[in-house]
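Q: Predicted coordinates and the sequence they were generated for:
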Amino acid sequence: MTKKFYITTPLYYVNSQPHIGHAYTTVACDILARYKKSKGVGVHFLTGTDEHGANIEKTAKEAGKDPQQWTDEVAAKFKDLWKILNVEYDDFIRTTEPRHKEVVQKVFAKLLESGDIYKGSYEGNYCYSCEAYIDDKEATKDGKCPFHKKELTPLKEETYFFKLSKYGDKLLKFYQDNPTFLSPKTRSKEIINFVKEGLQDISVSRTKVSWGISVPNDDKHTIYVWFDALENYGSAIGMGEALDGNMENFKKFWPADIHLIGKEIFRFHAIIWPAMLMALGLEMPKKVFAHGWWTAEGEKMSKSMGNFVNPHDLIDKFGLDAFRYFVFREVPFGNDGDFSMTSFKQRYNSDLANDLGNLFSRIINIAGKNLEDKKIEANFDGGFGLTKNLPKISSEYDKYMEDLAFDKALETTWKLISDLNKATATHQPWVMVKEDKEKGVKFLKEVLVCLELVAKQVAPFMPDTATELKKRLATLEKGEPLFPRIQD
Ligand code: MSP
């Protein structure tokens with residue numbers, strides 16, 4: 001049996017329009033999914049939208065729309081963007097779908113029965129942007145949300161609690177036994193310390209929020225949006241049946257191999273979701289990876305600033321693959337990064353137009369004119385010392401891809417491109433073919449083998465470009481410039 005790989009994005013809230021941040025996570029999953037598929041792994045890639053909660057109800061109201069109509073429209077926008085970004089997901093789940101709601105109610109009933117959920121009352125300060133209570137320990141000195149820097153709203157309500165406190169020690173043991181579960185390592189300490197300080201039970205129902213899934217047999221309450229949304233990772237693949245003991249469908253993909261998320265929602269995925277799974281007696285995901293955040297020209301992106309980097313604009317101007325390349329080459333995956341037009345243009349011109357574009361068009365042009373046999377011979381070694389490095393380069397690349405070190409995987413590939421450009425400048429094949437045709441042809445054949453590897457390695461990042469490069473290599477036709485230089 002081929003190995004399976006179940007990968008998920010967060011479910012995006014439908015209270016904002018999709019922007020570069022959402023695109024970043026989803027394209028990262030797409031890159032990993034494409035890479036795994038290229039290795040023959042059976043990938044299942046899930047994305048979707050998080051559609052319940054007071055915030056979304058409010059946004060819909062402000063737009064003069066019924067929440068369902070609003071969520072339908074915004075969910076469609078997310079799907080459109082994924083299409084434009086060439087994201088090959090397998091399933092798109094919306095939390096308002098019956099297949100999800102049924103599971104969420106079932107889980108609630110089950111945990112109520114087992115005693116992991118109980119009724120009580122809650123008093124605290126609520127952040128509507130997080131859709132979460134923020135305790136005093138977490139709030140900023142002036143009492144605001146540490147993530148959104150917004151005022152908190154004092155609330156008191158009758159509520160159902162999930163016994164998170166019961167799972168602290170089990171979680172700590174799990175982190176210890178599975179050292180790569182919390183990734184990257186630099187972000188794991190924060191989670192471990194938080195759990196070590198002692199977990200409190202969390203409120204998992206709301207009486208003030210009507211736009212949500214009702215608590216079974218108590219529809220005064222709706223289920224807390226996070227408790228609802230996290231379950232998508234299971235509801236999409238048969239967790240409902242699994243809870244009845246029918247594991248067949250669920251086991252095809254579960255456990256998730258990776259939940260890829262942004263750093264601000266690490267705690268939900270690293271603490272609450274695993275504790276829920278423990279309470280349900282289900283297997284843990286293999287890894288939760290939290291990447292960093294993008295700012296725009298040095299500023300935090302926000303609705304009020306109106307400074308969201310819009311992928312549509314960049315794609316219209318510079319092409320999809322330049323966008324996909326830039327965001328993963330510019331910043332080590334896991335770190336925060338800043339998007340600036342200056343660095344975008346610089347990387348485009350130097351890495352794509354010059355290094356990659358020129359190399360291909362030059363070599364293919366001369367090879368097309370001088371090679372009688374256009375078939376590229378695997379591992380051809382013409383004595384120029386280029387192909388002998390390929391196994392090492394390719395295993396380095398694989399290691400980086402497995403580690404989600406996307407910038408490094410690209411760096412390795414661009415080092416090869418740069419070496420090929422240097423060798424081309426040194427050996428001057430256009431002169432060689434005139435002075436010693438056989439030698440010139442050998443050089444070209446060796447470079448072509450290397451270019452095949454380049455095309456393969458850029459494929460997860462720039463799928464259209466890779467298809468075009470492979471086509472040109474197969475026909476040795478130069479074609480139009482792939483990345484025309486950006487003039488200032
Ligand atoms: N609905 C919750 C997630 C529920 S998962 C069961 C949510 N949604 S969100 O729409 O706010 O999307 C958050 C995700 O979008 C982040 O975790 C991150 O993946 C991505 N990003 C949003 N803004 C971002 C940046 N500025 N930079 C990078 N990614 C960020 O939270």
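A: Received it, and whenever you're ready, just let me know what you need. Residues are numbered from 1 along each chain as shown.
Q: Name the nearest residue to the residue of the stretch 1-150 of the chain found nearest the ligand, ignoring sequence neighbours.
A: Nearest to the ligand, among the residues of the stretch 1-150 of the chain, is Gly21, at 2.3 Å (C-beta to the nearest ligand atom). Any C-beta I mention is one placed from the backbone N, CA and C, and that applies to glycine too. Nearest non-adjacent residue to Gly21, counting by C-beta to C-beta, 6 or more residues apart in numbering: Trp294, 5.8 Å away.
Q: where in this structure is pLDDT low?
A: The model of the chain has pLDDT under 70 over residues 1-2.
Q: redo that, cut-off 80
A: 1-2, 131, 303, 488 (pLDDT under 80).
Q: Point out the residues in it that sit beside the ligand.
A: Taking C-beta under 6 Å from any ligand atom as the contact definition, the chain meets the ligand at 10-13, 21-22, 24-25, 50, 229-230, 232, 261-262, 264-265, 293-294, 301.
Q: Filter those residues down to the ones in strands?
A: Pro10, Leu11, Tyr12, Tyr13, Asp50, Ile261, Gly262, Trp294 (DSSP state E).
Q: Nearest to Lys434 among those residues?
A: Trp294 (50.0 Å; C-beta to C-beta).
Q: these two touch, right, the residue nearest to Gly21 and Tyr24?
A: Yes: taking C-beta atoms under 8 Å as the definition, Trp294 is a contact partner of Tyr24 at 6.3 Å.
Q: Which residues are in contact with each of these two?
A: Common contacts of Trp294 and Tyr24 (C-beta atoms under 8 Å, 6 or more residues apart in numbering): Val327.
Q: any idea what sits nearest Glu190, other than its immediate chain neighbours?
A: Per C-beta to C-beta, 6+ apart, closest to Glu190 is Phe266, 7.6 Å.
Q: actually Ile223, not the one I typed
A: Ile213 (4.7 Å).
Q: Show me the beta-bridge partners of whichever residue of the stretch 201-350 of the chain sits closest to the ligand.
A: In the stretch 201-350 of the chain, no residue comes nearer to the ligand than Gly262, which is 2.6 Å away by C-beta to the nearest ligand atom. Using DSSP bridges, the bridge partners assigned to Gly262 are His291.
Q: correct me, but Met276 touches Phe162?
A: Yes: shown here, Met276 and Phe162 form a contact pair, counting by C-beta under 8 Å, at 7.3 Å.
Q: Now do the shared contacts for these two.
A: Residues touching both Met276 and Phe162 (C-beta under 8 Å, 6+ apart): Leu111, Phe227.
Q: hmm, back to that, drop anything exposed from the residues of the chain next to the ligand.
A: Neighbour counting by 16 or more other C-beta atoms under 10 Å classes 10-13, 21-22, 24-25, 50, 229-230, 232, 261-262, 265, 294, 301 among those as buried.
Q: mind listing the helices for the stretch 101-250 of the chain?
A: Using DSSP state H, counting those that start in this stretch, the helices assigned to the stretch 101-250 of the chain run over residues 168-177, 188-196, 225-230, 232-235, 239-243, 248-253.
Q: Kindly report the same for the stretch 301-450 of the chain.
A: Ranges of helices within the stretch 301-450 of the chain are 311-318, 320-330, 341-347, 359-370, 390-402, 406-427, 429-435, 437-458, based on DSSP H, counting those that start in this stretch.
Q: Arrange those helices in TSV, one row each, with mean neighbour count and distance to Lys470 as further columns.
A: Below are the helices of the stretch 301-450 of the chain laid out as TSV (neighbours: other C-beta atoms under 10 Å; distance: least, C-beta to C-beta, whole Å):
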stretch	mean neighbour count	distance to Lys470
helix 311-318	16	22
helix 320-330	22	14
helix 341-347	14	23
helix 359-370	19	11
helix 390-402	16	16
helix 406-427	18	15
helix 429-435	15	21
helix 437-458	20	5
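Q: May I have stretch 355-374 as CSV, with CA atoms only?
A: What follows is stretch 355-374 as a C-alpha-only set of coordinates in CSV (Å, rounded to 0.1, in the frame of the first residue of the first chain):
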residue,chain,number,x,y,z
ASP,A,355,19.0,33.1,-12.9
LEU,A,356,16.2,30.7,-13.9
GLY,A,357,14.8,32.3,-17.0
ASN,A,358,18.0,33.1,-18.8
LEU,A,359,19.6,29.8,-18.0
PHE,A,360,16.8,27.8,-19.5
SER,A,361,16.4,30.0,-22.6
ARG,A,362,20.1,30.1,-23.3
ILE,A,363,20.8,26.4,-22.9
ILE,A,364,17.6,25.3,-24.7
ASN,A,365,18.3,27.7,-27.5
ILE,A,366,21.9,26.4,-28.2
ALA,A,367,20.9,22.8,-27.5
GLY,A,368,18.0,23.0,-29.9
LYS,A,369,20.3,24.2,-32.7
ASN,A,370,23.1,21.7,-32.0
LEU,A,371,21.7,18.5,-30.6
GLU,A,372,20.7,15.9,-33.2
ASP,A,373,19.3,13.5,-30.6
LYS,A,374,16.9,15.6,-28.5
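Q: Find the residue closest to Asp355 in space, skipping its chain neighbours.
A: Ile417 (5.0 Å).
Q: Hmm, I typed the wrong one, I wanted Tyr133.
A: Nearest non-adjacent residue to Tyr133, counting by C-beta to C-beta, 6+ apart: Gly124, 4.1 Å away.
Q: what about the one you found, neighbour count?
A: Other residues near Gly124 come to 16 when the count uses other C-beta atoms under 10 Å.
Q: Could you point out the bridge partners of it in the sheet?
A: Beta-bridge partners for Gly124, by DSSP bridges, are Leu155.
Q: residues contacting it?
A: Gly124 makes contact with Tyr133, Ile134, Asp135, Pro154, Leu155, Ser203, according to C-beta under 8 Å, 6+ apart.
Q: May I ask you to confirm that Lys77 is in contact with Pro18?
A: Yes: between Lys77 and Pro18 there is a contact under C-beta under 8 Å: 5.9 Å.
Q: Right, I'll leave it there.
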